[in-house]
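Engineer: from the sequence below, what's the structure:
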Amino acid sequence: MPLQLSRIEQLPNEILDQIISYFSTDPPSYSRLRRLPSLGIASSNRKDLKNVSQVSSRFLALVRPFLFSHAFLDLHSETEFLSFISQNVLARYVLSIVVIGHDAPDHRRDLFWWRRVLRYLDPLRVTIIAPPAFIGAMLRMHGDADSWAFEIPLQSLHLRQDRRQRNFDKLIPFEEPSSLLSARTWTSFGFNEGSSLKPYNHYEYFHYKVPSIFNSLRNMESMRFWLDNVTSFQYVAVFPFYNHVHRVLEFVERIPNLQSFSVQLIPDQRDNVEIEAKGSMNPSDPWMEIESGYSIILNTLALSLGNTGSLQEFVAFDYNSLPAGPSGILWDTLDDTGWYHDGQGTWTRS
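Structural biologist: Residues are numbered from 1 along each chain as shown. Reported below is the predicted structural model:
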């Protein structure tokens, strides 16, 4: 007697595919890009798709495009990861990937891992979580820094392209670009710098330089070929010094086709970051730096950036979280300068 299929298994693949799509959600990393960089950025307790894939071989085939659309790679396991992707013909399904990099004790880093990964994959989004030294060396954008004073364990880089550029039905020769930033036509660039709180405990903290890719802007001309593609830039940090914010703005002003610029300079409330007065720290200093930082940003928007023509949107994610003092005086800078404010921290060109 033949085994009778359950009612759901009698449905055609097209309907089952539609049903399964409702189990697919954005990966947790998307909502954590503005939190302190963490190795757990991709962790989740949801196992809906995995559970559905175990029903039968037919369900596994239907779930596979959704199950592997968001990948996670620890570079310690790169060989195993790429072998799994290749053997199971999964490359076409990977739309985003989170990559964890490490700073080796002997300082020897494989800075071209992305060539091998992008040889197989063509994701729309790439998020890299790694120590500052790793990211700076990988991008060849590392300058002098007082790393000992900041003790930043991790930073994150987020890149996004509008459309995939590879035809997975054809094995085409892969040209080896010199930089990850030129390996795809990235249109969105985001950098999360981590926390700058620790140096506030030192006397004349403002003389210290945070480990950052923005410390080395001398080779900006060589970056022009990929900066031309960038239309969206997001900068996230926790209490950065105003002089460093100025350095970031020097980078932003060199993005010729920038349309959207967003910033967050105070910690996400979910991270429970507290200002503890230690050493010579004045608890008001971090807030003074934020006020000065936003003052520089808004004046730049009102003047040089506001006159570029391409920039159409500015977002201050901190708008509703700043103390009453700064939030009551800073934003007036953009009044009568051609910017329209929605009252929630987003300005658009009128």
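
Engineer: correct me, but residue 52 touches residue 64?
Structural biologist: No - here residue 52 lies out of contact with residue 64, judged by C-beta atoms under 8 Å, at a distance of 10.7 Å. For every residue, glycine as well, the C-beta is placed using N, CA and C.

Engineer: give me the more crowded residue out of the two.
Structural biologist: In this comparison of residue 52 against residue 64, neighbours counted by other C-beta atoms under 10 Å, the higher total goes to residue 52 at 19 against 16.

Engineer: need the contact list for that one.
Structural biologist: The neighbours of residue 52, taking C-beta atoms under 8 Å, 6 or more residues apart in numbering as the test, are 20, 23, 59, 63.

Engineer: out of those residues, who has the most neighbours?
Structural biologist: Each of those was scored for neighbours by other C-beta under 10 Å, and residue 63 scores highest at 23 neighbours.

Engineer: is residue 55 in a helix, a strand, or coil?
Structural biologist: For residue 55, the secondary structure call by DSSP: H, G, I helix; E, B strand; the rest coil comes out as coil.

Engineer: tell me, how many residues neighbour it?
Structural biologist: Burial of residue 55, expressed as a neighbour count using other C-beta under 10 Å, amounts to 14.

Engineer: just the one 10 residues further on next, same as before
Structural biologist: By the criterion of other C-beta under 10 Å, residue 65 has 17 neighbours.

Engineer: the residue nearest to it when sequence neighbours are not counted: how many residues sit nearby?
Structural biologist: Distances taken as C-beta to C-beta, 6 or more residues apart in numbering place residue 93 nearest to residue 65, at 4.7 Å, with adjacent residues excluded. If you count neighbours by other C-beta under 10 Å, residue 93 ends up with 18.

Engineer: need the contact list for residue 93.
Structural biologist: 64-65, 68-69.

Engineer: kindly list the longest strand within the chain.
Structural biologist: Among all segments of the chain classified by DSSP state E, the strand with the greatest residue count is strand 186-195.

Engineer: what pLDDT, on average, does it get?
Structural biologist: If you average the pLDDT over strand 186-195, you get 97.

Engineer: just stretch 47-56 next, same as before
Structural biologist: Per-residue pLDDT values over stretch 47-56 give a mean of 80.

Engineer: end-to-end on that stretch?
Structural biologist: 16 Å (C-alpha to C-alpha, to the nearest Å).

Engineer: check stretch 202-216 too.
Structural biologist: From the first residue to the last, stretch 202-216 extends over 24 Å; the measure is C-alpha to C-alpha.

Engineer: how about stretch 184-203?
Structural biologist: Using C-alpha to C-alpha, one end of stretch 184-203 lies 44 Å from the other.

Engineer: enumerate the positions of it that are buried.
Structural biologist: When neighbours are counted by 16 or more other C-beta atoms under 10 Å, the buried residues of stretch 184-203 are found to be 184, 186-200, 202.

Engineer: how about the helices in this protein?
Structural biologist: Listed in chain order, the helices found in the chain under DSSP state H are 13-21, 48-53, 57-67, 78-87, 113-120, 132-139, 147-150, 220-227, 242-252, 285-302, 324-329.

Engineer: packing partners for the third one?
Structural biologist: The criterion is 3 or more C-beta pairs under 8 Å, 6 or more residues apart in numbering; DSSP states H and E, and the helices and strands that helix 57-67 contacts are helix 13-21, helix 48-53.

Engineer: which of those helices is buried the deepest?
Structural biologist: Among the helices and strands packed on helix 57-67, ranked by average contacts under mean count of other C-beta atoms under 10 Å, first place goes to helix 48-53 (a mean of 16).

Engineer: just how off-centre is it within its chain?
Structural biologist: Put simply, helix 48-53 sits 28 Å off its chain's centre (C-alpha atoms, centre = their mean, to the nearest Å).

Engineer: could you tell me how far stretch 301-316 lies from the centre of the chain?
Structural biologist: Mean-position distance between stretch 301-316 and its chain equals 21 Å (C-alpha atoms, centre = their mean).
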